[in-house]
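Student: Pasted the sequence and its predicted model underneath.
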Amino acid sequence: MSVNLTTKYLGINLKNPLVASASPLSRSVDSVRKLEDNGISGIVMYSLFEEQIDREKKSLDHFLTSHSESYAEALSYFPEPESFINLDAEEYLEQIQRLKKATEIPVIGSLNGVSPGGWMNYAKKIQDAGADALELNIYYIPTDPSMTSSVIEEMYLEDLKTVKKSVSIPVAMKLSPFFSSFANMAVQLDEAGADGLVLFNRFYEPDFDLENLEVIPSLTLSTSFETRLSIHWLAILFGRVKASLAGGRGVHGHEDVLKMIMAGADITMMASVLLQRGPGVVLEILKNLENWLIEHEYKSIEQMKGSMSYKNVAEPAAFERANYMKTLQSLHDLPEGIH
């Protein structure tokens, strides 16, 4: 028995639902070739940051300083200008061209920014370089208590609309889960023209150096446990938005892929497992995925898509407050001495 692993994301036909998300792996043509050889169906480029493009940073300075009393100290967390800000953004465009010539899989550009400004003009340049689509990552952590949720939501919507006006390729929004009403925000972005929603990006929380009493950056690769947040919201959004849905954040094995597809994802994105185990893990996941489908008598990925979503499960309350109460009750059911 053969199974059909094909899927469609952002209107692009893919041979399977495994896509490499933005990571340093896309900086190397050889690395991307190895991923392709092992079965990856598409790749998102490493991010091009607003700070790399807008060297004068006038609008960025205004945006950040207007909501921060410690901007001077915050500057120390940016890399030195000669190593980061002054990197030639044109190199990013050239890398897209190299990847398009060297591979046959779709290449998705990635823009990471926050303030309105000239950096958005690179959306058109990324398109002209040959990218098949664009992922827009509005990475912003609101720390000003006077800044309302509606202001933040409007910022996301305006950034999307500005980029959409400048390109004809599909645009996906990579989102944080930290909205006061995430489902409503997803619908607003969908109605504003987002072709896809990527759940979720990761805010890298700082750590403390207890000896030097300093706040230091901290990077921890994901684990499969983190998929639960994405699965929860994929299941709620499936069938309620027209945009394609991508599940990420913690995809390490075929079971993670299956759960996200059943929740409603069109594709699953991975980076940490590729960095940890190398490109060969893609082939392993695909083999296990196919074996599971055969064993459970599924003929295609499409057949199971959204089967465990909010709209299709027998008890949708499992995604709501009732599940919280049921989970707490399970603690009382533990054997004596386990509490």
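Tutor: Perfect, thanks for sending it.
Student: Who are the packing partners of the helix or strand hosting residue 292?
Tutor: Taking DSSP states H and E as the definition, residue 292 sits inside helix 280-295. Judged by 3 or more CB pairs under 8 Å, 6 or more residues apart in numbering; DSSP states H and E, helix 280-295 is in contact with strand 18-20, helix 254-263, helix 272-277. Quick note: C-beta positions are derived from backbone N, CA and C, even for glycine.
Student: Would you map out the domains in the protein?
Tutor: 7-308, 311-339 (automatic domain parsing).
Student: So what's the model's average confidence on stretch 184-196?
Tutor: Average pLDDT, stretch 184-196: 98.
Student: Output that stretch as PDB, nothing but the C-alphas.
Tutor: Extracted as PDB, the C-alpha positions of stretch 184-196 are listed here (Å, rounded to 0.1, in the frame of the first residue of the first chain):
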ATOM      1  CA  ASN A 184      -9.600  37.100  16.800                       C
ATOM      2  CA  MET A 185      -6.100  38.300  15.800                       C
ATOM      3  CA  ALA A 186      -5.700  35.400  13.500                       C
ATOM      4  CA  VAL A 187      -9.100  36.200  11.900                       C
ATOM      5  CA  GLN A 188      -8.100  39.900  11.500                       C
ATOM      6  CA  LEU A 189      -4.800  38.900   9.800                       C
ATOM      7  CA  ASP A 190      -6.700  36.500   7.600                       C
ATOM      8  CA  GLU A 191      -9.100  39.100   6.500                       C
ATOM      9  CA  ALA A 192      -6.300  41.600   6.000                       C
ATOM     10  CA  GLY A 193      -4.800  39.300   3.400                       C
ATOM     11  CA  ALA A 194      -2.400  36.900   5.100                       C
ATOM     12  CA  ASP A 195      -1.900  33.900   2.900                       C
ATOM     13  CA  GLY A 196      -0.600  31.800   5.800                       C
END
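Student: what comes up buried for that stretch?
Tutor: 185, 186, 187, 188, 189, 190, 193, 194, 195, 196 (16 or more other CB atoms under 10 Å).
Student: Then stretch 174-181?
Tutor: Neighbour-count burial for stretch 174-181 [16+ other CB under 10 Å]: 174, 175, 176, 179.
Student: model confidence over it, on average?
Tutor: On average, stretch 174-181 scores 92.
Student: quick revisit: adding secondary structure and distance to residue 272, write the buried residues of stretch 174-181 out as JSON lines.
Tutor: What follows is the buried residues of stretch 174-181, written out as JSON lines (DSSP: H, G, I helix; E, B strand; the rest coil; distance: CB to CB, whole Å):
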{"residue": "174", "secondary structure": "strand", "distance to residue 272": "16"}
{"residue": "175", "secondary structure": "strand", "distance to residue 272": "18"}
{"residue": "176", "secondary structure": "coil", "distance to residue 272": "18"}
{"residue": "179", "secondary structure": "coil", "distance to residue 272": "24"}
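Student: Please give the element, helix or strand, for residue 95.
Tutor: Here residue 95 is assigned to helix 90-102, by DSSP H and E.
Student: Return the residues in contact with the closest residue to residue 227 other than its chain neighbours.
Tutor: Distance criterion CB to CB, 6 or more residues apart in numbering; nearest residue to residue 227, sequence neighbours excluded, is residue 250 at 4.0 Å. By CB atoms under 8 Å, 6 or more residues apart in numbering, residue 250 lies in contact with 222, 223, 224, 225, 226, 227, 228, 230, 256, 272.
Student: and with 7 Å instead?
Tutor: 222, 223, 224, 225, 226, 227, 256 (CB atoms under 7 Å, 6 or more residues apart in numbering).
Student: Let me know the closest of these to residue 23.
Tutor: residue 222 (11.3 Å; CB to CB).
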